[in-house]
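Trainee: After the sequence you'll find the predicted model.
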Amino acid sequence: GGDEAQKEWFGVNGGNLNYDFMVKEACDVTVTFNPETKEIKVTGAGVTDPEYPINKIVAVGSGQNGFLNDESWAVDSEANAMTEKSEGVYEIVFDEVGANAEYQVKFAANGGWGMNWGLVKGTEAAVNTPNPAHYNAEDNIVFMPESEDEYVKITLTLDLSNWDKITKEGATYTIKVESVDEPTTAEPTTVEPTTVEPTTVEPATAE
């Protein structure tokens, strides 16, 4: 409206995220904005989707009671670096975490906060089911693993296989809570010794 004090910003899908793009080769670039749909488009002979190289994903949060190896907010932690189980799907397991306590977590890329995924504002983290993950989220993922047992096993999964680099949507996270496996104690097996009676061989008599 021309009022410098009352600027209104529109990002991707009318939200507050910047519209990112890459120019691979020098070219004319055309940016269009539809005020009715809030859609942004960038076109040009050398324009391509942005690239976000990921060297590692780290689970970062309130490390305590065995969760996150007791490392709190260690964004560059090696112990909490997640394993890429398949393309774009990252996982980490904590075998013995104190139950019935509140924990917080986010997922950070490349040892810093420049790229991270957290809670979608206004939602709650549900356990044992995929949840949408918000890119560069303001809010942490907060959850409580409830159990009658003292300890539980927690598996964190971040799935970026369907993450859209333009809209920043499509990522999910899962918090799987399981009972801690009890070690199996086998009773020792006693084998009774077998006693063999000695065999007596009569000497041969020559005629």
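Mentor: The structure has been received and is ready for your questions.
Trainee: which stretches of this protein form strands?
Mentor: Using DSSP state E, the strands of the chain run over residues 22-23, 30-34, 39-43, 47-48, 57-61, 83-86, 89-98, 103-109, 116-119, 131-135, 141-143, 151-159, 172-179.
Trainee: Highest average neighbour count across those strands: which stretch is it?
Mentor: strand 57-61 (a mean of 25; mean count of other C-beta atoms under 10 Å). Placement of C-beta: from N, CA and C, glycine included.
Trainee: ok so, going back, may I see the strands of the chain organised as CSV, with mean pLDDT added?
Mentor: Below are the strands of the chain laid out as CSV (pLDDT from 0 to 100):
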stretch, mean pLDDT
strand 22-23, 96
strand 30-34, 96
strand 39-43, 95
strand 47-48, 96
strand 57-61, 98
strand 83-86, 98
strand 89-98, 98
strand 103-109, 98
strand 116-119, 98
strand 131-135, 97
strand 141-143, 98
strand 151-159, 98
strand 172-179, 97
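Trainee: Any chance of a markdown table for these, columns distance to Asn16?
Mentor: Converted to a markdown table, these look like this (distance: least, C-beta to C-beta, whole Å):
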| stretch | distance to Asn16 |
| --- | --- |
| strand 22-23 | 21 |
| strand 30-34 | 15 |
| strand 39-43 | 13 |
| strand 47-48 | 23 |
| strand 57-61 | 23 |
| strand 83-86 | 30 |
| strand 89-98 | 26 |
| strand 103-109 | 18 |
| strand 116-119 | 15 |
| strand 131-135 | 11 |
| strand 141-143 | 20 |
| strand 151-159 | 22 |
| strand 172-179 | 21 |
